[in-house]
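S.K.: have a look at this prediction, sequence included:
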Amino acid sequence: MFPTRNAARAVTVPALIILTLALAGCSGDWEQVLRPPRADVSGIQVVAVFPFASWTSDPSLARTLTDQVYRAVRDSGWYSTVIPPEEVESELLRRRIDPRDVTGGSVAREVAAALGADGFIAGIAAYYFEDVSLDRPFVRDDGQPQVGTHWRVRQTTRVVVGLQGQMVNVHTGTVVHRWEGTRTGEVADVRDLVWSSADPPPTSALPSPHRRDVPEARDKAVRQVVEAFTADILPYYEWVRRDNE
């Protein structure tokens, strides 16, 4: 005799409760622990963030990277004080030093020391590239009844941002962290075509590429490259097994 629906439910519900309690017990064996930065930042409590120099065609990229790096380090709460780039820039100008020429070295160390910093961050907006392209048209297949053939095309907007940066211990002159690399931000926009023939649409039926998604793709690339650069100088959480003894 097969169990009825009510009987099956009576068996299933207690089983789910037992499974939930078991899972809760398992998760209780683990906890998140805040770990110090992977880079050796011992002795660095006050950090000066220098305005990043620019090697790119995007005039605002260096400032954007500078501001986001500053906020990431400040908001981490690991360092007691993070001196904003505006204050560093003022000190450079007071000394008649062009902030665009300072990417590290003895000058940066001297200025950071004068500001009372234990360490400083300096860097370069090293690369910028953007591309907007249309992929090959494809037939829409959404499972809905339709008359004729409905075509679509995907536009892909890509922005690549490159950064070179370092953190230096002011007291020792040691470069405690250095990173160089690029990250890509990508946004896809699927567009319907005014074309219902079974034959693939000609080039004349394709829309002109637009640049509306460039800012979003740029923001994604900037966010990812800043996260990559700051990852080792910021604290992080790690799951560890709880000590029940």
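M.R.: Great, that's in hand.
S.K.: residue ranges of the helices in this protein, please?
M.R.: In the chain, the helices defined using DSSP state H lie at 5-27, 61-75, 85-94, 105-114, 214-230.
S.K.: I'd say K220 and A188 touch.
M.R.: No - K220 is beyond contact range of A188, at 11.9 Å (criterion: C-beta atoms under 8 Å). All C-beta atoms are positioned from the backbone trio N, CA, C, and that covers glycine.
S.K.: the two - which one has more neighbours?
M.R.: K220 (18 against 12; other C-beta atoms under 10 Å).
S.K.: might you report the residue contacts of the residue nearest to the more buried one when sequence neighbours are not counted?
M.R.: Leaving aside its chain neighbours, K220 sits nearest to G185 (3.0 Å; criterion: C-beta to C-beta, 6 or more residues apart in numbering). By C-beta atoms under 8 Å, 6 or more residues apart in numbering, the contact list for G185 reads 158-161, 216-224.
S.K.: how about G123?
M.R.: Contacts of G123 (C-beta under 8 Å, 6+ apart): 50, 52-53, 65-66, 69, 103, 163-166, 229.
S.K.: just the buried ones from the residues you listed?
M.R.: Among those, those classed as buried by neighbour count (16 or more other C-beta atoms under 10 Å) are 50, 52-53, 65-66, 69, 103, 163-166, 229.
S.K.: using TSV, lay out those residues together with distance to F138.
M.R.: Formatted as TSV, the buried ones among the contacts of G123 follow (distance: C-beta to C-beta, whole Å):
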residue	distance to F138
F50	48
F52	41
A53	44
L65	37
T66	42
V69	40
T103	46
L163	36
Q164	40
G165	41
Q166	46
F229	38
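S.K.: is it possible to get TSV of those that adds pLDDT?
M.R.: Below are those laid out as TSV (pLDDT from 0 to 100):
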residue	pLDDT
F50	98
F52	97
A53	96
L65	98
T66	98
V69	98
T103	94
L163	98
Q164	98
G165	98
Q166	98
F229	98
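S.K.: out of the residues you listed, flag the one nearest to V41.
M.R.: For these, the closest approach to V41 (C-beta to C-beta) belongs to Q166, at 12.4 Å.
S.K.: how many other residues sit next to V107?
M.R.: 16.
S.K.: right, and it touches D98 too?
M.R.: No - the pair V107 / D98 is not scored as a contact, 10.6 Å apart, by C-beta under 8 Å.
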